[in-house]
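>>> generate a structure from the sequence data that follows.
(4 chains)
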Protein chains: 2
Amino acid sequence: MRADAVRNREKVLAAAEAAFAADGLKAQLDDIARRAAVGVGTVCRHFPTKQALVGAVCTRMYQSLLDRARQALQSPDPAEAFEQFIVALPDFHRRQRAFAELMANELATSPELALPVRNELMQAITELVQRAQAAGAIRSDIGPADVSMLFSGVAHATAVLGDMQPALDGRFVRIVLDGLRPEQASELPGRPIDFAQLRRLKQRSAQRRAR
Amino acid sequence: MRADAVRNREKVLAAAEAAFAADGLKAQLDDIARRAAVGVGTVCRHFPTKQALVGAVCTRMYQSLLDRARQALQSPDPAEAFEQFIVALPDFHRRQRAFAELMANELATSPELALPVRNELMQAITELVQRAQAAGAIRSDIGPADVSMLFSGVAHATAVLGDMQPALDGRFVRIVLDGLRPEQASELPGRPIDFAQLRRLKQRSAQRRAR
DNA sequence: CTATAATCGGAGTCGTGACTCCGGTTACGC
DNA sequence: GCGTAACCGGAGTCACGACTCCGATTATAG
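Numbers count the residues shown, from 1 in each chain, chains lettered A, B, ... in the order given. This is a model prediction of the structure:
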């Protein structure tokens, strides 16, 4: 691959990230091209479809989130590790607004982009949760997928709130965290959900939709 | 207005509700017309723009939600009133999936559809929260807008989860409710948010975006 | 029952936005 | 340096979806 090609590919990715951050998923290819100081053709050669571009941007985001999760896992205290990761989330989402939107929709959509990074991230989250539970830092009647579902909600709120008081979603996270502490009053309906189960549910739901 | 006209208007509204429920806001006018067993022209005469149709459907939804809030306010026990209203939310959203999406986006968008019903609903929620706080049923460091923000998250999750196990969002609500109980560990950043403040924040944010 | 005015339907218009095509240009191998 | 092959750009294509227009139809007034 030629040197200028890689350079442009990089410029496009950066521009796409910025554009998605500003306008969400509905950001236009033309705008992305303009931001990258590049023709539309170039964008479309590197990423044959918008979906592909989204996928590429998404992968980077997941990677960066995975890094955070791994960093949190370094911490010797499981409770702190969990909290550290969770509290960092809206901060992350604020910077990557579009990704919040993407990720928030992720659960339901785009099974087509089966990103290996995502699996690793799920792995890391699972570990974070299990360790925290073993240490008695969070309630035992939840599963990893419950956590990710919860934070798809946080992600969404962050995306919607936009540049309003950052404090707002900080409050949201703290409230949810409090709800996750051990020995809470409510009995949760159903059973703890992990990622394998979530996937099964998703498939069944997709089948139902197909009919 | 002629009798068949009202009848059709009603059919269109019902069809729109169903279509939005199935496909979200991106449901197509043609599809709505087909569901209503009516021509596209009819849809567009009754509702000159898609926005208007959305507004009309939205108003009904708010009305129905308001009814629930008022019903909850009837309960003599403030704690139970609050919980009753909140727990009913995802159930409501499941039936009205699109509305969940609408409502979830509401915070940021569509200041143009200034629905009077919405104001009444905010009033009712404010009362529900204040009474519950006075009775010591929920923590005192939150405001009504915090609650609605939180449940915009729930709404989103419900929308995304779709027809997956209804238990999933039931779990979500219980966890958030637990996080709202008095005397929790976390200290929330910032101050309690009420609707007036939220509106101000929104305006400032809109101005910033305009520049 | 008939005149009339409003309503209905769906084929057609128009705008928008993703993607293609090809002449001109720029980077590597020799 | 120079030939070649890959890359660049942006005007144009194409599909899709919101909305319009007008002949056919149907409800009310007298």
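
>>> least confident secondary structure element in chain A?
None of the helices or strands of chain A scores lower by mean pLDDT, DSSP states H and E than helix A:97-106, at a mean of 64.

>>> shaky segments in chain A?
A:95, A:97-114, A:162-167, A:211 (pLDDT under 70).

>>> can you list the residues of it near DNA strand C?
Within chain A, the residues that sit near DNA strand C (CB under 7 Å from any atom of the strand) are A:2-4, A:26, A:28-30, A:40-41, A:44-45, A:48-51. Placement of C-beta: from N, CA and C, glycine included.

>>> tell me the two of those that are most distant?
Largest separation among the residues of chain A next to DNA strand C by CB to CB: A:Ala3 and A:Lys26, giving 33.0 Å.

>>> which SS class is A:Gly190?
coil (DSSP: H, G, I helix; E, B strand; the rest coil).

>>> show the contacting residues for it.
B:165, B:167-168, B:170-171 (CB atoms under 8 Å, 6 or more residues apart in numbering or on different chains).

>>> longest helix of chain A?
The residue-count maximum for a helix in chain A (DSSP state H) belongs to helix A:50-74.

>>> what comes up buried for the helix or strand just after that helix?
Next along the chain after helix A:50-74, taking DSSP states H and E as the criterion, comes helix A:78-95. Neighbour-count burial for helix A:78-95, with 16 or more other CB atoms under 10 Å in any protein chain shown as criterion, is recorded at A:78, A:81-86, A:88-90, A:92-94.

>>> and helix A:78-95, is it in reach of chain B?
No. For helix A:78-95, no contact with chain B is found by CB under 8 Å from any CB of the partner chain; the gap never falls below 9.5 Å.

>>> quick one: list the elements packing against that helix.
helix A:50-74, helix A:97-106, helix A:116-134, helix A:144-161, helix A:167-180 (3 or more CB pairs under 8 Å, 6 or more residues apart in numbering or on different chains; DSSP states H and E).

>>> nearest to B:Val176, of those helices?
Judging the helices and strands packed on helix A:78-95 by CB to CB, what sits closest to B:Val176 is helix A:167-180, at 5.5 Å.

>>> what's whichever helix or strand comes after the closest one packed up against?
Following helix A:167-180 in sequence order, the next helix or strand is helix A:195-210 (DSSP H and E). Using 3+ CB pairs under 8 Å, 6+ apart, the elements in contact with helix A:195-210 are helix A:144-161.

>>> okay, angle between the helix it packs on and helix A:78-95 too, please.
30 degrees (axes from the mean of the first three to the mean of the last three CA atoms, to 10 degrees).

>>> can you redo the helices and strands packed on helix A:78-95 as CSV with mean neighbour count?
Formatted as CSV, those follow (neighbours: other CB atoms under 10 Å in any protein chain shown):
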stretch, mean neighbour count
helix A:50-74, 17
helix A:97-106, 23
helix A:116-134, 18
helix A:144-161, 25
helix A:167-180, 23
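
>>> would you reformat these as a markdown table and include distance to DNA strand D?
Formatted as a markdown table, those follow (distance: least, CB to the nearest atom of the strand, whole Å):
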| stretch | distance to DNA strand D |
| --- | --- |
| helix A:50-74 | 13 |
| helix A:97-106 | 18 |
| helix A:116-134 | 25 |
| helix A:144-161 | 22 |
| helix A:167-180 | 31 |
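
>>> so can I have CSV of these showing distance to chain B?
Formatted as CSV, the helices and strands packed on helix A:78-95 follow (distance: least, CB to the nearest CB, whole Å):
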stretch, distance to chain B
helix A:50-74, 15
helix A:97-106, 6
helix A:116-134, 13
helix A:144-161, 3
helix A:167-180, 3
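
>>> the ones you listed into a markdown table, with extra columns for distance to B:Phe151?
Below are these laid out as a markdown table (distance: least, CB to CB, whole Å):
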| stretch | distance to B:Phe151 |
| --- | --- |
| helix A:50-74 | 25 |
| helix A:97-106 | 15 |
| helix A:116-134 | 24 |
| helix A:144-161 | 9 |
| helix A:167-180 | 11 |
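
>>> between those helices, which one is nearest to A:Ala196?
Of those, nearest to A:Ala196 by CB to CB is helix A:144-161, at 8.6 Å.

>>> who does the closest one touch, helix- and strand-wise?
Short answer (3+ CB pairs under 8 Å, 6+ apart): helix A:144-161 packs on helix A:78-95, helix A:97-106, helix A:116-134, helix A:167-180, helix A:195-210, helix B:97-106, helix B:144-161, helix B:166-180.

>>> dump the C-alpha coordinates for stretch A:46-58 into PDB.
The C-alpha atoms that make up stretch A:46-58 are tabulated as PDB, following Å, rounded to 0.1, in the frame of the first residue of the first chain:
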ATOM      1  CA  HIS A  46     -11.100   2.800   1.300                       C
ATOM      2  CA  PHE A  47     -14.500   1.900   2.800                       C
ATOM      3  CA  PRO A  48     -16.700   0.500   0.100                       C
ATOM      4  CA  THR A  49     -19.800   1.200   2.200                       C
ATOM      5  CA  LYS A  50     -20.800   3.500   5.000                       C
ATOM      6  CA  GLN A  51     -21.400   0.400   7.100                       C
ATOM      7  CA  ALA A  52     -17.700  -0.500   6.600                       C
ATOM      8  CA  LEU A  53     -16.600   2.900   7.700                       C
ATOM      9  CA  VAL A  54     -18.800   2.800  10.800                       C
ATOM     10  CA  GLY A  55     -17.300  -0.600  11.500                       C
ATOM     11  CA  ALA A  56     -13.800   0.700  11.300                       C
ATOM     12  CA  VAL A  57     -14.500   3.600  13.500                       C
ATOM     13  CA  CYS A  58     -16.300   1.300  15.900                       C
END
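
>>> just give me how far it sits from the chain centre.
17 Å (CA atoms, centre = their mean, to the nearest Å).
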